[in-house]
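Q: sequence and predicted structure below; questions after.
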Amino acid sequence: MSLTKQDYFDIVKKGKYTNVAKIVFLRREDESIISEITGDILSGNLSINKQNGVRRSVDFTLKNVDKKYIPNKYGIWIGSKIQLYLGIKFNNEFYWEFHGIFVLLNPTLNMSINNNTISINAIDKFSLYDGQYSGNLNDYVIINNGTNINVAINSILTSSAIIGEKNLDPKSSILEPTSIALSYELRKGYGDKISSLLSELAFYSSRNIYYNRFGFLTFEEDIDDTTKGSSWDFGFDDNKLTLQSFSKNEHFDNVFNVVKVIGMTIDGLTAIATAKNINPLSNTNIDIIGEKFAPVIEDSRISDSLLAQKRADFELKKLIRLNSSINISCLPLIHLDVDEIITITNENSNLYRERFVIQSIGFSFGNNLMSITATNIKELSLEIEV
């Protein structure tokens, strides 16, 4: 019998449950299920970081006494995929959450008289495009000036210039609608990788590109954190048990609150934009510490001031995330993901439902603790002076 999500919330508030993991082996071509593993998992770690490209990585060790996990072309082999579930066990019932689809890297067999195991590392499906398994180009990919960037992404992912397998990912992509089009001809060829094409489009449009927890390639605007609801409230009412400890870190080196972007020049007019942090709630705004300029960004692909402004805002927000962070140790909350909002209430720190956005998460299978790094949303709620 399975627990519901509401059951899960009720159980974790009480703090007495077992953290469990499940690994499902998938067929490479269509991601249908081959087999699943629960009881043979000895240990493992999942790391999630808010960034473009690869966001998720996992390593785990399996008990291999009967040698059923020997690498071979029918199971653990080049390009094999797994789906990871994290769960809780309570009164012999389970609740599971998806946590990504991964491509296996180099497995290591560990054999001795008394202990036979196999250790496996895997990273999310963006690795299909960065050359580690596939993604190298054997011909030129040319995207014409004026092409919508979503059309460009679909064209890249189905290009005949990809060395090896075609249609590496059987899942459709989640492409948030946009009117942004290329203002130049995008051309890459021999020696380049699909990942460099995708990353260039993300930088050009100031968007995020990554694989989400369900295994879908996602291309989206950076969402305004002030519009998000809270995914968990630490230390408030009956949620006090979940928060074990936290520490706050201030970084005084490389603090910037002004970003300037210079684009291309057309008919004597240059696309220029500046973003300044004038947010009165931010401790690093220009009124408090003066103007601290980041290195000027020169990008000849940016064709107009609107795109230049989007880039300046996007880059300033990324820099501000580095100024201050909070590290949390808590009971495993398997529903959480990066870029989600949490709140903290702590009388000793004068925090009452203070809002933070998650930047990274670390899970250890079988360990009843997880780690979170987050940034105060006050710092990221930018008021931009143009």
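A: Good, I have the coordinates. Numbering: from 1, shown residues only.
Q: which stretches in the stretch 201-350 of the chain count as strands?
A: Counting by DSSP state E, counting those that start in this stretch, the stretch 201-350 of the chain has strands at residues 207-211, 217-221, 230-234, 243-250, 258-266, 269-277, 297-298, 324-330, 341-346.
Q: buried set for the third one?
A: Put plainly, it is strand 230-234. For strand 230-234, burial by neighbour count (16 or more other Cβ atoms under 10 Å) applies to 232, 233, 234. All C-beta atoms are positioned from the backbone trio N, CA, C, and that covers glycine.
Q: who does the closest residue to the second one other than its chain neighbours bridge with?
A: Spelled out, that is residue 233. Nearest residue to residue 233 in three dimensions, chain neighbours excluded: residue 343, at 4.7 Å (Cβ to Cβ, 6 or more residues apart in numbering). Applying DSSP bridges to residue 343 gives these bridge partners: residue 233, residue 355.
Q: and residue 343, how many neighbours?
A: 19 (other Cβ atoms under 10 Å).
Q: if you compare the strands of the stretch 201-350 of the chain, which one is most tucked away?
A: A comparison of the strands of the stretch 201-350 of the chain by mean neighbour count, using mean count of other Cβ atoms under 10 Å, puts strand 207-211 on top with a mean of 23.
Q: got the angle for that strand vs strand 217-221?
A: 160 degrees (axes from the mean of the first three to the mean of the last three Cα atoms, to 10 degrees).
Q: which other helices and strands contact strand 207-211?
A: helix 194-205, strand 217-221 (3 or more Cβ pairs under 8 Å, 6 or more residues apart in numbering; DSSP states H and E).
Q: distance-wise, check the residue nearest to residue 233 relative to residue 356.
A: Per Cβ to Cβ, to the nearest Å, residue 343 is found 7 Å from residue 356.
Q: still on that earlier bit, quickly, which of the strands of the stretch 201-350 of the chain bottoms out on average pLDDT?
A: Least confident of the strands of the stretch 201-350 of the chain, judged by mean pLDDT, is strand 243-250 with a mean of 82.
Q: that strand: partners in the sheet, and parallel or antiparallel?
A: When DSSP bridges is applied, strand 243-250 pairs with strand 324-330 (antiparallel).
Q: hmm, who's touching the strand it pairs with?
A: 234, 242-251, 283-284, 342, 344, 356, 359, 369-376, 379 (Cβ atoms under 8 Å, 6 or more residues apart in numbering).
Q: using PDB, write out every CA atom in that strand.
A: Taking Å, rounded to 0.1, in the frame of the first residue of the first chain, the C-alpha atoms of strand 324-330 are listed here in PDB:
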ATOM      1  CA  SER A 324      25.100  35.700   1.100                       C
ATOM      2  CA  SER A 325      23.900  32.200   1.700                       C
ATOM      3  CA  ILE A 326      22.400  30.000   4.400                       C
ATOM      4  CA  ASN A 327      23.400  26.300   5.000                       C
ATOM      5  CA  ILE A 328      20.700  24.100   6.400                       C
ATOM      6  CA  SER A 329      20.800  20.600   7.900                       C
ATOM      7  CA  CYS A 330      17.400  19.000   8.100                       C
END
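Q: tilt between that strand and strand 230-234?
A: If you take the same axes, to 10 degrees, strand 324-330 sits at 70 degrees to strand 230-234.
Q: please state the offset of strand 324-330 from the chain centre?
A: 17 Å (Cα atoms, centre = their mean, to the nearest Å).
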